[in-house]
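Student: model this:
(one chain, ligands or ions: 2)
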Amino acid sequence: MTRIQMKTPLVEIDGDEMTRIIWKQIKEIIILPYVDLKTEYFDLGLENRDKTQDSVTTEAALRTMELGVAVKCATITPNAQRMTEYSLSSMWKSPNGTIRAILDGTVFRTPILVDCIKPYVSSWKRPITLARHAYGDIYRDSEIRIDGPAKTELLVTYPDGREIRQSVHDFEGAGVILGMHNTDESISSFARSCFQYSLDSGEDLWFATKDTISKTYDHRFKDIFEEIFEMEYSDSFKARGIEYFYTLIDDAVARIMRSEGGMVWACKNYDGDVMSDMVAAACGSLAMMTSVLVSPKGVYEYEAAHGTVTRHYYKYLKGEKTSTNPMATLFAWTGALRKRGELDGTNELVLFADLVEEVSLACIEEGYMTGDLKSMCDLDNVTVLNTEDFLQEISTRISERI
Ligand code: NAP
Ligand code: MG
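Tutor: Residues are numbered from 1 along each chain as shown. Ligands and ions are numbered 1, 2, ... in the order given. Next up is the predicted model:
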């Protein structure tokens, strides 16, 4: 059999622990037998990040900007305990944070739905993609505890000496204040990434904030989305037969709950944090959630939404075979291969990605799955497989179809 050829390499970003093991298994069992895989490999395993003083993370992100498509394995974000465990020379920053800062992107998360696992919200028939703005607001705020009567103000000083002062509150007793910000540039990038993603996926875009209450801050988000939509995207949305609409966040929540799904829901940073966990939980688990970082320049980085599954890795190290769910990591690979195929015009690669997703879903529908899905699924006959056997089951089905 001749393997599928690739034109441009993927940026392959390896990671840590159980997902690093699954990474290798996915390549060996699912991809390499069928695809003459071309990648540029960056090892973001914690040992190598430490060895390279974390420069490997920046290099991977910069190469992603050049090549356009990356696939990333989950990575450890070090804390005090990891410092000792890996004898680190520094508590390196979150690789996802570093990559996101360079790609300037928006994170899109979509649940992988299978018929035998029903979302807790019974009206949802199609996946809801959550688009979370990943810059600013309370994640970059300044907070002060006020310990007694005090006058508090916002003060803006421009380089030309102009000043704007506005009272926040005259405290009669103790309390708290915070100051937060966002930039037109970041909000615009967020808007463009969302419009582009909707066009690619052919789904309506919803955007919601609380502009009736936050008449300047949230309203700026609403205006920027509106302006960019009218100037740059309204014609292509019309041509694609999809809609953009804005509503209030509370109205959006109520409508999402009654919807059939199948839309992209853009949220500000905090709303996106909360709502993406709600969508994930309502659809089963993070092990069935894909995640892609899309930059406004049209650069894509695919990954799983979950972490390195440490608890399973410690079992693996003791020689146990674990039943860790590889679906989200597998879909990161198929997402990246499909996007590469689309950009390069290599249709076989697109078809291969579609086939892998189709047969892996079919596998679960027919009762072959990893342990985490057993309790959620409503089939009578379920065979729980370890990760490797589950991937073998998928590979057998691919070879029957190819
Ligand atoms: P986690 O790796 O997502 O795992 C938490 C728990 O969720 C697991 O112990 C497991 O539950 C379940 N789970 C997650 N993925 C699963 C899968 N594919 N199959 C089966 N079960 C799965 O989160 P964590 O334990 O909080 O974090 C571990 C490490 O990952 C940390 O060092 C963190 O920094 C890193 N992390 C990385 C990323 C990323 O790179 N994107 C994201 C989050 C966390 P049971 O143990 O009950 O089976
Ligand atoms: Mg969260």
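
Student: Remind me which helix or strand whichever residue of the stretch 101-250 of the chain sits closest to ligand 2 belongs to.
Tutor: Closest approach of the stretch 101-250 of the chain to ligand 2 (C-beta to the ion) occurs at Arg132, with a separation of 9.3 Å. The C-beta positions use only the backbone N, C-alpha and C, and glycine is treated the same way. Assessed by DSSP states H and E, Arg132 sits inside strand 129-133.

Student: buried set for the following helix or strand past that strand?
Tutor: Counting by DSSP H and E, the next helix or strand C-terminal to strand 129-133 is strand 142-146. With burial defined by 16 or more other C-beta atoms under 10 Å, the residues of strand 142-146 counted as buried are Ile146.

Student: who are the neighbours in contact with the residue of the stretch 101-250 of the chain closest to ligand 2?
Tutor: Shown in contact with Arg132 (C-beta atoms under 8 Å, 6 or more residues apart in numbering): Thr106, Val107, Phe108, Arg109, Cys267, Asn269, Gly272, Asp273, Ser276.

Student: what's the burial count for Ala280?
Tutor: Ala280 is flanked by 20 other residues according to other C-beta atoms under 10 Å.

Student: Count the neighbours of the residue in the chain that ligand 1 sits nearest to for me.
Tutor: Nearest residue of the chain to ligand 1 (C-beta to the nearest ligand atom) works out as Gly307 at 2.4 Å. Counted with other C-beta under 10 Å, residues neighbouring Gly307 total 16.

Student: Pull up the gap between the nearest residue to it once chain neighbours are set aside and Ala332, please.
Tutor: Excluding the flanking residues, the one nearest Gly307 by C-beta to C-beta, 6 or more residues apart in numbering is Ala74, at 5.2 Å. Here Ala74 is placed at a distance of 9 Å from Ala332 (C-beta to C-beta, to the nearest Å).

Student: Now the common contact residues for these two.
Tutor: Glu303, Ala304.

Student: So which of the contacts of Arg132 belong to helices?
Tutor: Assigned to helices by DSSP state H, the following of those qualify: Asn269, Gly272, Asp273, Ser276.

Student: pLDDT score for the closest residue to the second one other than its chain neighbours?
Tutor: Distances taken as C-beta to C-beta, 6+ apart put Arg132 closest to Gly272, at 2.7 Å, once the chain neighbours are dropped. You'll see Arg132 listed with a pLDDT of 93.

Student: re earlier: for the residue nearest to Gly307, give me its contacts.
Tutor: Ala74 neighbours (C-beta under 8 Å, 6+ apart): Gly15, Asp16, Glu17, Thr19, Glu303, Ala304, His306, Gly307, Thr308, Val309, Thr329.

Student: Swap in 6 Å and give it another go.
Tutor: Gly15, Thr19, Ala304, Gly307, Thr308 (C-beta atoms under 6 Å, 6 or more residues apart in numbering).

Student: so how far is Val309 from the first one?
Tutor: Put plainly, it is Gly15. 11 Å.

Student: Likewise for the second one?
Tutor: Distance, Thr19 to Val309, using C-beta to C-beta: 6 Å.

Student: Which of the two has more residues huddled nearby?
Tutor: Remark: of Thr19 and Val309, Thr19 carries more neighbours, 29 against 25, as counted by other C-beta under 10 Å.

Student: contacting residues for that one?
Tutor: Going by C-beta under 6 Å, 6+ apart, Thr19 touches Cys73, Ala74, Thr308.

Student: returning to what we had before: which one among the ones in helices among the contacts of Arg132 gets closest to Ser285?
Tutor: Among the ones in helices among the contacts of Arg132, Ser276 lies closest to Ser285 (C-beta to C-beta), at 13.1 Å.

Student: and the nearest residue to that closest one once chain neighbours are set aside, what does it touch?
Tutor: Leaving aside its chain neighbours, Ser276 sits nearest to Leu130 (4.3 Å; criterion: C-beta to C-beta, 6+ apart). The contact partners of Leu130, taken as C-beta under 6 Å, 6+ apart, are Arg109, Trp265, Met275, Ser276, Val279.

Student: Buried members of those residues into ChimeraX, please.
Tutor: Restricted to buried positions by 16+ other C-beta under 10 Å, the ChimeraX selection for those reads:
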select :109,265,275,276,279
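
Student: Now do the domain split for this structure, please.
Tutor: 118-135+185-283, 142-179 (automatic domain parsing).

Student: With respect to burial, which of those domains scores highest?
Tutor: domain 118-135+185-283 (a mean of 18; mean count of other C-beta atoms under 10 Å).

Student: Point me to the residue of the stretch 301-402 of the chain nearest ligand 2.
Tutor: Counting by C-beta to the ion, the stretch 301-402 of the chain gets nearest ligand 2 through Ala305, at 10.3 Å.

Student: Which stretches in the stretch 1-150 of the chain count as helices?
Tutor: 17-25, 46-51, 55-67, 80-85, 95-103 (DSSP state H, counting those that start in this stretch).

Student: For the helix or strand of the chain with the lowest mean pLDDT, what is the distance to the chain centroid?
Tutor: Every helix and strand in the chain was compared by mean pLDDT, DSSP states H and E; the lowest is helix 95-103, with a mean of 87. Chain-centre distance of helix 95-103: 12 Å, with C-alpha atoms, centre = their mean, to the nearest Å.

Student: what sits up against that helix?
Tutor: For helix 95-103, the external contacting residues (C-beta under 6 Å, 6+ apart) are Leu44, Thr57, Ala61, Thr75, Ala134, Leu293, Ser295, Val299.
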